[in-house]
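Asks: Structure, please.
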Amino acid sequence: MTGRKAGPKTRQRGRIEELPSGSLRVVVYAGQDALTGKRNYRHEVIPGNSQESWNEAERAKTRILNEVDEQRAPKTKAIVDVLLTRYLENLDVDVSTMNGYVRKNRLHISPLLGKLQVGKLDGETFDSFYKVLRTCRLHCGGKGKFIEHRTKTQHECDKRCKPHVCTGLAKSTIRQIHFILSGALQAAKRWKWITINPLEQSKPPSPPKPKPNPPNAAAAAALINEAFRDLDWGMFVWLSMVTGARRGELCALKFEDLDLDTGILTVARSIGQEGGETWEKDTKDHQQRRIALDEETLVLFRAYKLICEEKAQEFGVRLVLGARIFSNSPDHSTYLKPDSVTQRYGRMCARLGLETHLHELRHYSATELIASGVDVRTVAGRLGHSGGGTTTLRVYAAWFSEADQRAATSLGGRMPTAPVSIDQDGSATTTIEPKLSGPYQKIAADLRGAITCGALAPGTPLPPVVELANRYGVAPATAHRAIAELSASGLVRVSRGKRAVVLAPGEEPAVADVVSIKRKRKVD
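Replies: Modelled structure (predicted):
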């Protein structure tokens, strides 16, 4: 009777090797590499060569075999650089967004994590990575004593070449890097390169607290006055204040987007820019929105369109079909470049001595709407915030809190008047010195008239602020502002804790009034 024939010989999937050092190494076959097609092995070294070491090695081999069978083992030895390259190749985002991802990968992710295997990343690795980013944007480890040169090419150093000082990346930048890594590792998990996302084992960077800093009333008036020295530029700044639209959205606007009959502005596209390259694209949330405009803004744009048409005729052309509202071309066939708009606004602010930037006009519009008592969903809709107002509440929480404490006023009543006069026939005349007509100026004009005609004689105190506020139906702060206007003109003397007193012709104001006048003129 013959014995049973042996079955087919199976390939051994795991083995234990003795190393020259005397330690034991567990080797387990884990399939083919997902990228290279090569055989993939898992290794683990067990110190020592005792019976206990062999038992530990057997347990390790069993554990690794179970991980492979349950598909909990990495399927590739690919490094982070390979993952990021593959991830970005398949990512469908805007050009400027893609350029930002590539730049952050080149400057921060690749130098620190690029050569690490994806399957060996863990929470400790990412926590250490974020600490480096918070410490120094050049990753010098706190040991760098060198000169940061303005360029890498051959040059003569000047004041722009400075000794290196460790400065960490902004919180917002670190979170953007976190999101890039999160997306790439989620893709690796879908592709079965890894079985778990190691980023979930780390503590994500905390989000930065929003700190909007919109221009105050005096700064807004100064900006409007300066901008309207050029009508086209003045209309751009004005519309930015009124609508809170992003700079790219304003650059992309066409006259056909503005319905002067219904008073509705449709924001349906934007202009993107990267270096000298520009292109037309969707809005940030990929949705169009409709913004209602106040009557004063509509009057201004009716006149502005007439002026644009007249200028085009002077050059022997007409406004093209789909003409841009803001353009450097006589026929308005081209759009403004977003970076150029930002640079021009920065130069204007520098002339006025204001430390602000173009995006703060968006904050100005939002905070003025909130101060006027407009509900959060309406504000979010005008600004193009998604999430039903969640973003709006997070960014402008302080202003919503203040709005609960004061009475509502309309945005149109809070805006300074543009320096443009409109005739009855609809023609427009622009002025270099805009004449404002806010509520406080109405009070100031009436008091100035009373002083001029003698109804308020020299030495006579002005009516109390509370009485003026009740008479004109305004807030006490508005009445205070009217008196400050008369003080700046040298018509009254203002003393702390006392009512303002009318000055005689030629009478010098008090020292405090002189300082106040100088400050106001500096602001104006």
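
Asks: When you work out contacts or count neighbours from here on, use the C-alpha atoms and nothing else.
Replies: Will do.

Asks: Return the distance of the residue positioned nearest the centre of the chain relative to N328.
Replies: Among the residues of the chain, the one closest to the centroid is H359, at 7.2 Å (Cα atoms, centre = their mean). The span separating H359 from N328 equals 22 Å under the rule Cα to Cα, to the nearest Å.

Asks: Contact partners for the residue nearest to the centre of the chain?
Replies: With contacts defined as Cα atoms under 8 Å, 6 or more residues apart in numbering, H359 is in contact with 246-247.

Asks: Tell me the predicted confidence for it.
Replies: Model confidence at H359, expressed as pLDDT, equals 92.

Asks: just T356 next, same as before
Replies: Per the predicted model, pLDDT is 90 at T356.

Asks: What of P111?
Replies: Listed pLDDT for P111 reads 92.

Asks: Adjust the sequence numbering to begin at 51 for everything that follows.
Replies: All set: I'll call the first residue 51, so the last point we hit is now P161.

Asks: Assign it to helix, strand or coil.
Replies: Secondary structure state of P161, per DSSP: H, G, I helix; E, B strand; the rest coil, is helix.

Asks: Quick one: neighbours of it, just the number.
Replies: The burial count assigned to P161 is 12, neighbours taken as other Cα atoms under 10 Å.

Asks: how close does it get to H189?
Replies: If you measure P161 against H189 using Cα to Cα, the figure is 9 Å.

Asks: Any stretches of the stretch 351-500 of the chain with poor pLDDT?
Replies: By pLDDT under 70, the low-scoring segments of the stretch 351-500 of the chain are 448-471, 473-487.

Asks: quick one: the helices in it?
Replies: For the stretch 351-500 of the chain, the helices defined by DSSP state H, counting those that start in this stretch cover 388-402, 409-421, 426-433, 440-445, 447-453, 461-464, 489-503.

Asks: nearest to V182, of the ones you listed?
Replies: For the helices of the stretch 351-500 of the chain, distance to V182 was read as Cα to Cα. The smallest value, 28.1 Å, belongs to helix 440-445.

Asks: Surely T441 touches H435?
Replies: Yes. Checked against Cα atoms under 8 Å, the pair T441 and H435 is within contact range at 6.4 Å.

Asks: hey, what's in contact with both of these two?
Replies: In contact with both T441 and H435: no residue, using Cα under 8 Å, 6+ apart.

Asks: Please identify the buried residues of stretch 227-242?
Replies: Buried residues in stretch 227-242, counted by 16 or more other Cα atoms under 10 Å: 227-228, 230-239, 242.

Asks: In the stretch 151-300 of the chain, where is pLDDT below threshold?
Replies: The stretch 151-300 of the chain contains residues with pLDDT under 70 at 192-194.

Asks: now F305, nearest residue through space, not along the chain?
Replies: In space, and not counting its chain neighbours, F305 is closest to I375: 5.3 Å by Cα to Cα, 6 or more residues apart in numbering.

Asks: That neighbour touches E299, doesn't it?
Replies: No. Taking Cα under 8 Å as the contact criterion, I375 and E299 are not neighbours in contact, 11.2 Å apart.

Asks: Of these two, which one has the most company?
Replies: I375 (26 against 21).

Asks: And the helices of the stretch 351-500 of the chain: which comes nearest V349?
Replies: Each of these has some distance to V349 by Cα to Cα; the shortest is helix 461-464, at 12.6 Å.

Asks: Does T316 touch K304 like I think?
Replies: No. Contact between T316 and K304 fails when scored by Cα under 8 Å: they sit 9.3 Å apart.

Asks: Those two - which one has more neighbours?
Replies: In this comparison of T316 against K304, neighbours counted by other Cα under 10 Å, the higher total goes to K304 at 23 against 16.
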